[in-house]
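K.L.:
Here is a sequence together with a model predicted from it:
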Amino acid sequence: MKDIFRASTDCAFNFDNPLDQIATALIDPGYLYLEDAIQPSFIQNLTELLEEKERADALTRAGIGKGLALEVRSEIRSDSIFWLEPQDPSPVVVDWLALMETISQHLRRALFLPLESYEGHLARYPEGGFYKPHLDQHRISPTRQVTIIAYLNPDWSDNDGGQLRLYTDLQKGIRGPSIDFLPHAGSIIIFRSADFWHEVLPAARPRMSLTGWLRGREDNPLITVH
Ligand SMILES: O=C(O)CCC(=O)C(=O)O
Ligand SMILES: [Fe+2]
C-alpha cells in the first residue's frame with residue numbers, strides 16, 4: 001500500500017491510518033476526496049498503461065446498464081474504457097487490485113460491509129467528453145457499494161472543465177447542493193455508490209481516470225452504511 005499512497009510528510013492527507021479515515025468518511029459524510037493521495041510514479045504507470053491500450057485499440061466505448069441491457073448512449077456518456085482483469089500480469093494492475101482488496105477487507109471488518117469483489121476500468125474522455133448525472137448502483141443489480149476513482153491528469157485547472165460534480169442530497173438529486181472536484185493527477189475520490197448522484201462536466205481536453213467499485217454479492221440482500 002505504501003508504494004501507491006503517498007507518505008504523510010508531503011501529502012495533504014494524513015496517512016497514519018488511511019484505511020480508518022476511509023471507513024470513517026464513508027459513514028459520514030459518505031465521501032472522501034484526497035488531493036495528493038497517490039504516488040506520482042504510480043500515476044505515471046497507470047497513464048502509460050492507458051496510453052498503451054489506446055495505441056493497441058483496446059479501449060471500448062463505455063455503455064450504461066448491465067448485461068443484456070447494456071447499451072452505448074453517446075448522449076449520456078462519452079468515455080472509452082479498458083476493464084482491469086485479475087489475470088493481467090502488469091505490476092500496476094496487480095498492485096492496484098491488491099490495494100483494492102486491502103481496502104475491501106478493512107471495510108468488511110470496520111463497517112461490516114458485505115464486500116466480495118472489485119471491478120474497475122481505466123477511462124478516457126475525449127475533448128468535450130462528459131457523463132450525465134447518474135447513480136453508480138444499478139437498479140437491476142445493486143452490487144456496487146463503494147466507488148473509488150483515481151485521476152491521472154497533470155496540470156488540470158478550472159478552465160479545463162471535466163469536474164466531478166457530486167450531489168450531496170440523495171433525495172433532491174441534481175436540484176440539491178453539490179460539490180465539484182477537479183480530476184488532478186494523484187487525487188482520489190471514494191463515495192457510497194448508492195447514495196450520491198454525480199456527473200462529469202464537459203472536459204475541455206482529454207481526461208483520464210481509473211474508476212472502480214467494491215461490490216457485494218449479487219444474490220445477497222446488501223447492508224448499506226446508513
Ligand atoms: O470520472 C469521474 O469523475 C466519474 C466517472 C463515473 O461517474 C463513472 O464512471 O461512473
Ligand atoms: Fe459514476
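P.N.:
Okay, I see it. Ligands and ions are numbered 1, 2, ... in the order given.

K.L.:
beta partners for the closest residue to residue 65 other than its chain neighbours?
P.N.:
Once flanking residues are discounted, residue 65 sits nearest to residue 71: 5.9 Å by CB to CB, 6 or more residues apart in numbering. Every residue, glycine included, has its C-beta placed from N, CA and C. In this entry, residue 71 is beta-bridged to residue 64, by DSSP bridges.

K.L.:
what's the neighbour count on residue 71?
P.N.:
The number of residues packed near residue 71 is 9, by other CB atoms under 10 Å.

K.L.:
Mind telling me which residue of this structure is nearest ligand 1?
P.N.:
residue 164 (3.5 Å; CB to the nearest ligand atom).

K.L.:
so who does the residue positioned nearest the centre of the chain touch?
P.N.:
The residue lying closest to the centre of the chain (CA atoms, centre = their mean) is residue 149, at 2.1 Å. The contact partners of residue 149, taken as CB atoms under 8 Å, 6 or more residues apart in numbering, are 164, 188, 189, 190, 209, 210, 211, 212.

K.L.:
any idea which helix or strand carries the third one?
P.N.:
Element membership of residue 189, judged by DSSP states H and E, is strand 188-192.

K.L.:
Show me what that strand is packed against.
P.N.:
helix 18-27, strand 31-34, strand 144-151, strand 164-167 (3 or more CB pairs under 8 Å, 6 or more residues apart in numbering; DSSP states H and E).

K.L.:
would you turn the contacts of residue 149 into CSV with distance to residue 102?
P.N.:
Shown next, in CSV, are the contacts of residue 149 (distance: CB to CB, whole Å):
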residue, distance to residue 102
164, 24
188, 14
189, 18
190, 13
209, 20
210, 16
211, 18
212, 14
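
K.L.:
tell me the two of the residues you listed that are most distant?
P.N.:
Farthest pair in the contacts of residue 149 (CB to CB) is 164 and 212. Separation: 14.4 Å.

K.L.:
Check whether stretch 141-158 comes near ligand 1.
P.N.:
Yes. Applying CB under 6 Å from any ligand atom, one finds stretch 141-158 in contact with ligand 1 at residue 149.

K.L.:
Give me whichever of the helices and strands packed on strand 188-192 is most buried.
P.N.:
When these are scored by mean count of other CB atoms under 10 Å, the highest mean neighbour count falls to strand 144-151 (a mean of 24).

K.L.:
Next one: residue 35 relative to residue 70, how far apart?
P.N.:
34 Å (CB to CB, to the nearest Å).
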